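Chemist: Turn this into a model:
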Amino acid sequence: MSAPPDIRVDRARGRDALPVLGLYRDVLAEGRWFATALAESSLTLEALEERFRDSTQAWFVARAGHALLGWVSLTPGSLASTRHVAALELMVASGARGRGVGRALVAAALGWAADTPALEKVVLAVLADNERALRLYRDAGFAEEGRRIGQYRLGGVWRDDVLMARPVR
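Modeler: Model (predicted):
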(Lines give C-alpha, C1' and ligand atoms only; values in the text may rest on other atoms or scores of the structure.)
Protein backbone atom coordinates (compact mmCIF):
# COMPACT_ATOMS: atom_id res chain seq x y z
CA MET A 1 0.00 0.00 0.00
CA SER A 2 1.83 3.10 -1.16
CA ALA A 3 0.61 6.67 -1.28
CA PRO A 4 -0.85 8.07 -4.51
CA PRO A 5 1.70 10.35 -6.21
CA ASP A 6 0.11 13.62 -5.01
CA ILE A 7 0.01 12.49 -1.35
CA ARG A 8 3.03 12.71 0.95
CA VAL A 9 3.15 10.90 4.30
CA ASP A 10 5.63 12.06 6.96
CA ARG A 11 6.20 11.72 10.69
CA ALA A 12 4.24 14.42 12.50
CA ARG A 13 6.26 17.29 13.94
CA GLY A 14 5.44 20.05 16.40
CA ARG A 15 4.29 22.39 13.63
CA ASP A 16 1.67 19.78 12.66
CA ALA A 17 -0.11 19.95 16.02
CA LEU A 18 -2.42 22.84 15.14
CA PRO A 19 -3.58 21.44 11.76
CA VAL A 20 -3.97 17.95 13.29
CA LEU A 21 -6.09 19.41 16.09
CA GLY A 22 -8.17 21.27 13.53
CA LEU A 23 -8.78 18.11 11.51
CA TYR A 24 -9.61 16.21 14.70
CA ARG A 25 -12.24 18.80 15.59
CA ASP A 26 -13.63 18.88 12.03
CA VAL A 27 -14.08 15.10 11.94
CA LEU A 28 -15.66 15.02 15.40
CA ALA A 29 -18.01 17.84 14.32
CA GLU A 30 -19.34 15.55 11.57
CA GLY A 31 -20.87 13.55 14.41
CA ARG A 32 -20.78 10.29 12.49
CA TRP A 33 -17.46 8.46 12.71
CA PHE A 34 -16.44 8.65 16.38
CA ALA A 35 -18.25 8.21 19.67
CA THR A 36 -16.67 11.36 21.08
CA ALA A 37 -18.76 14.45 20.42
CA LEU A 38 -16.87 17.65 19.68
CA ALA A 39 -18.25 19.26 22.86
CA GLU A 40 -16.92 16.32 24.89
CA SER A 41 -13.39 16.42 23.50
CA SER A 42 -10.70 17.53 25.89
CA LEU A 43 -7.74 17.31 23.49
CA THR A 44 -5.66 20.47 23.65
CA LEU A 45 -2.87 21.79 21.49
CA GLU A 46 -0.43 21.33 24.37
CA ALA A 47 -1.47 17.72 24.93
CA LEU A 48 -1.13 16.97 21.23
CA GLU A 49 2.34 18.52 21.09
CA GLU A 50 3.33 16.36 24.07
CA ARG A 51 2.06 13.24 22.29
CA PHE A 52 4.15 14.12 19.24
CA ARG A 53 7.24 14.31 21.49
CA ASP A 54 6.50 10.96 23.17
CA SER A 55 8.97 8.55 21.56
CA THR A 56 6.81 5.52 22.40
CA GLN A 57 4.05 6.77 20.08
CA ALA A 58 4.05 7.23 16.33
CA TRP A 59 2.13 9.96 14.53
CA PHE A 60 2.06 10.36 10.76
CA VAL A 61 0.40 13.03 8.64
CA ALA A 62 -0.65 12.95 5.00
CA ARG A 63 -0.52 16.04 2.82
CA ALA A 64 -1.12 17.17 -0.71
CA GLY A 65 0.99 20.28 -1.09
CA HIS A 66 0.53 22.13 2.20
CA ALA A 67 -2.97 20.82 2.89
CA LEU A 68 -3.32 18.31 5.71
CA LEU A 69 -5.43 15.39 4.46
CA GLY A 70 -5.27 13.05 7.42
CA TRP A 71 -3.32 11.59 10.31
CA VAL A 72 -2.76 8.30 12.04
CA SER A 73 -1.41 7.47 15.48
CA LEU A 74 -0.13 4.30 17.09
CA THR A 75 -0.05 4.24 20.87
CA PRO A 76 1.44 1.23 22.66
CA GLY A 77 -0.13 0.09 25.91
CA SER A 78 1.13 1.81 29.05
CA LEU A 79 1.27 -1.30 31.25
CA ALA A 80 4.05 -3.90 31.20
CA SER A 81 1.38 -6.44 30.23
CA THR A 82 0.13 -4.38 27.25
CA ARG A 83 3.26 -2.74 25.81
CA HIS A 84 3.31 -5.29 23.01
CA VAL A 85 -0.02 -3.95 21.67
CA ALA A 86 -0.46 -0.58 19.94
CA ALA A 87 -3.82 1.11 19.38
CA LEU A 88 -4.33 2.70 15.98
CA GLU A 89 -6.44 5.82 15.46
CA LEU A 90 -7.01 7.35 12.03
CA MET A 91 -8.75 10.46 10.75
CA VAL A 92 -9.05 11.61 7.14
CA ALA A 93 -10.52 14.95 6.06
CA SER A 94 -13.97 14.61 4.52
CA GLY A 95 -12.85 15.93 1.13
CA ALA A 96 -9.88 13.55 1.00
CA ARG A 97 -11.72 10.28 1.63
CA GLY A 98 -11.62 7.68 -1.12
CA ARG A 99 -8.29 8.97 -2.51
CA GLY A 100 -5.92 6.50 -0.83
CA VAL A 101 -5.04 8.75 2.11
CA GLY A 102 -6.18 6.26 4.74
CA ARG A 103 -4.34 3.42 3.02
CA ALA A 104 -1.12 5.41 2.87
CA LEU A 105 -1.40 6.38 6.54
CA VAL A 106 -2.16 2.84 7.69
CA ALA A 107 0.81 1.56 5.66
CA ALA A 108 3.11 4.09 7.35
CA ALA A 109 1.83 3.14 10.80
CA LEU A 110 2.21 -0.58 10.14
CA GLY A 111 5.72 0.01 8.80
CA TRP A 112 6.64 1.78 12.04
CA ALA A 113 5.09 -1.07 14.04
CA ALA A 114 7.12 -3.64 12.08
CA ASP A 115 10.30 -1.68 12.89
CA THR A 116 9.45 -1.58 16.61
CA PRO A 117 10.66 -4.89 18.09
CA ALA A 118 8.51 -4.68 21.24
CA LEU A 119 5.25 -4.52 19.24
CA GLU A 120 3.45 -7.71 18.35
CA LYS A 121 -0.11 -6.57 17.64
CA VAL A 122 -2.00 -3.51 16.38
CA VAL A 123 -5.60 -3.02 17.49
CA LEU A 124 -8.39 -0.59 16.67
CA ALA A 125 -12.09 -0.01 17.15
CA VAL A 126 -14.38 1.16 14.37
CA LEU A 127 -18.12 1.73 14.19
CA ALA A 128 -19.79 -1.22 12.50
CA ASP A 129 -21.57 0.90 9.90
CA ASN A 130 -18.37 2.59 8.70
CA GLU A 131 -18.05 0.33 5.67
CA ARG A 132 -15.24 2.30 4.02
CA ALA A 133 -13.07 2.06 7.15
CA LEU A 134 -13.87 -1.62 7.64
CA ARG A 135 -12.81 -2.35 4.05
CA LEU A 136 -9.59 -0.37 4.52
CA TYR A 137 -8.69 -2.23 7.70
CA ARG A 138 -9.55 -5.66 6.28
CA ASP A 139 -7.45 -4.91 3.19
CA ALA A 140 -4.57 -4.03 5.54
CA GLY A 141 -4.79 -7.42 7.24
CA PHE A 142 -6.95 -6.61 10.25
CA ALA A 143 -9.49 -9.17 11.40
CA GLU A 144 -12.49 -8.76 13.65
CA GLU A 145 -11.79 -9.94 17.19
CA GLY A 146 -15.08 -8.92 18.72
CA ARG A 147 -18.07 -6.67 18.61
CA ARG A 148 -19.65 -4.53 21.28
CA ILE A 149 -23.34 -4.55 20.43
CA GLY A 150 -25.13 -1.25 21.00
CA GLN A 151 -21.97 0.24 22.50
CA TYR A 152 -22.85 3.79 21.49
CA ARG A 153 -26.02 5.79 21.13
CA LEU A 154 -25.29 8.44 18.54
CA GLY A 155 -28.01 10.66 17.15
CA GLY A 156 -30.63 8.48 18.82
CA VAL A 157 -29.33 5.34 17.08
CA TRP A 158 -27.63 2.43 18.82
CA ARG A 159 -24.39 1.58 17.03
CA ASP A 160 -22.05 -1.38 17.36
CA ASP A 161 -18.32 -1.08 17.84
CA VAL A 162 -16.12 -3.55 15.95
CA LEU A 163 -12.81 -4.52 17.57
CA MET A 164 -10.12 -5.43 15.04
CA ALA A 165 -6.50 -6.51 15.26
CA ARG A 166 -3.61 -7.75 13.19
CA PRO A 167 -0.23 -9.17 14.09
CA VAL A 168 2.71 -6.88 13.45
CA ARG A 169 4.86 -9.54 11.78
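
Chemist: Low-confidence stretches in this protein?
Modeler: Within the chain, the stretches with pLDDT under 70 are 1-4.

Chemist: show me where it has helices.
Modeler: 17-30, 45-53, 101-114, 131-139 (DSSP state H).

Chemist: Which among these is found nearest to Ser78?
Modeler: Ser78 lies closest to helix 45-53 among the helices of the chain, at 12.7 Å (Cβ to Cβ). In this view, the C-beta of every residue, glycine as well, is placed from N, C-alpha and C.

Chemist: Can you give me the neighbour number for Ala47?
Modeler: Using other Cβ atoms under 10 Å, Ala47 is surrounded by 12 other residues.

Chemist: ditto for Ala12
Modeler: Using other Cβ under 10 Å, Ala12 is surrounded by 22 other residues.

Chemist: just to revisit the earlier point, closest to Val61 out of the helices of the chain?
Modeler: Proximity to Val61, assessed across those by Cβ to Cβ, is greatest for helix 17-30 (6.6 Å).

Chemist: ok, residues contacting that closest one?
Modeler: With contact meaning Cβ atoms under 8 Å, 6 or more residues apart in numbering, helix 17-30 is reached by 12, 33-34, 36-38, 41, 43-45, 48-49, 52, 59, 61, 68, 70-71, 91-94.

Chemist: returning to what we had before: could you export the helices of the chain to a markdown table, including columns for distance to Arg83?
Modeler: What follows is those, written out as a markdown table (distance: least, Cβ to Cβ, whole Å):
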| stretch | distance to Arg83 |
| --- | --- |
| helix 17-30 | 24 |
| helix 45-53 | 17 |
| helix 101-114 | 13 |
| helix 131-139 | 22 |
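
Chemist: Deepest-packed of those helices, please.
Modeler: Among the helices of the chain, helix 101-114 has the highest mean neighbour count (mean count of other Cβ atoms under 10 Å), at a mean of 21.

Chemist: Now do that one: which elements does it pack against?
Modeler: strand 8-11, strand 58-64, strand 67-76, strand 85-92, strand 121-127, helix 131-139 (3 or more Cβ pairs under 8 Å, 6 or more residues apart in numbering; DSSP states H and E).

Chemist: try it again with 7 Å
Modeler: strand 8-11, strand 58-64, strand 67-76, strand 85-92, helix 131-139 (3 or more Cβ pairs under 7 Å, 6 or more residues apart in numbering; DSSP states H and E).

Chemist: List the strands paired with the first one, with their directions.
Modeler: Read it as strand 8-11. As defined by DSSP bridges, the strand partners of strand 8-11 come to strand 58-64 (antiparallel).

Chemist: Now tell me what touches the partner strand from outside.
Modeler: Contact with strand 58-64 is made by 6-12, 16, 20, 51-52, 68-74, 101, 104-105, 108-109, 112, as judged by Cβ atoms under 7 Å, 6 or more residues apart in numbering.
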